[in-house]
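Visitor: make a model of this:
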Amino acid sequence: METILAALITGAVTLIGVLIANGKSQAVTDTKLEELTREVRAHNNFAQRVPILEEQMKVVNHRIADLEMHEHERERN
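Guide: Residues are numbered from 1 along each chain as shown. You can find the predicted model right below:
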């Protein structure tokens with residue numbers, strides 16, 4: 001009888017320890033998942049803006065080229 005009681009107490013204590021550890025592990029996992037979600041959203045925002053920046057750079061480069069061309073024409077005259 002004492003052996004069974006000791007085994008039940010040991011099992012209960014072990015189960016409580018596992019449940020506590022699992023709860024803490026879940027909290028860490030949730031925190032990491034939230035951080036990863038935030039980083040993915042930031043990356044997606046950046047990825048959406050890159051094509052816009054590329055197009056703006058093309059426009060700026062064309063304007064600079066036009067200004068340089070006009071400057072060289074003015075220097076020739």
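
Visitor: low-confidence ranges, the protein, go.
Guide: Residue ranges of the chain with pLDDT under 70: none are present.

Visitor: ok, which stretches of it are helices?
Guide: Remark: helices assigned in the chain by DSSP state H are 2-76.

Visitor: in it, which residue is most central in space?
Guide: Centroid check for the chain by C-alpha atoms, centre = their mean gives E39 as the closest residue, at 1.6 Å.

Visitor: any idea how far that residue lies from Q26?
Guide: The gap separating E39 from Q26 is 20 Å, by C-beta to C-beta, to the nearest Å. Any C-beta I mention is one placed from the backbone N, CA and C, and that applies to glycine too.

Visitor: kindly report the same for E34.
Guide: For E34, the distance to Q26 - C-beta to C-beta - is 13 Å.

Visitor: now swap in T14 and tell me
Guide: Note on T14: its distance to Q26, by C-beta to C-beta, is 19 Å.

Visitor: same question, E73
Guide: E73 is 70 Å from Q26, by C-beta to C-beta.

Visitor: check M57 too.
Guide: Distance from M57 to Q26, by C-beta to C-beta: 46 Å.

Visitor: and what of I64?
Guide: I64 is 56 Å from Q26, where distance means C-beta to C-beta.

Visitor: could you do L19 as well?
Guide: Separation of L19 from Q26 (C-beta to C-beta) stands at 11 Å.

Visitor: check L8 too.
Guide: Separation of L8 from Q26 (C-beta to C-beta) stands at 27 Å.

Visitor: I52: neighbour count?
Guide: Using other C-beta atoms under 10 Å, I52 has 9 neighbouring residues.

Visitor: do the same with the one 3 residues further on
Guide: A count of nearby residues for E55, using other C-beta under 10 Å, gives 10.
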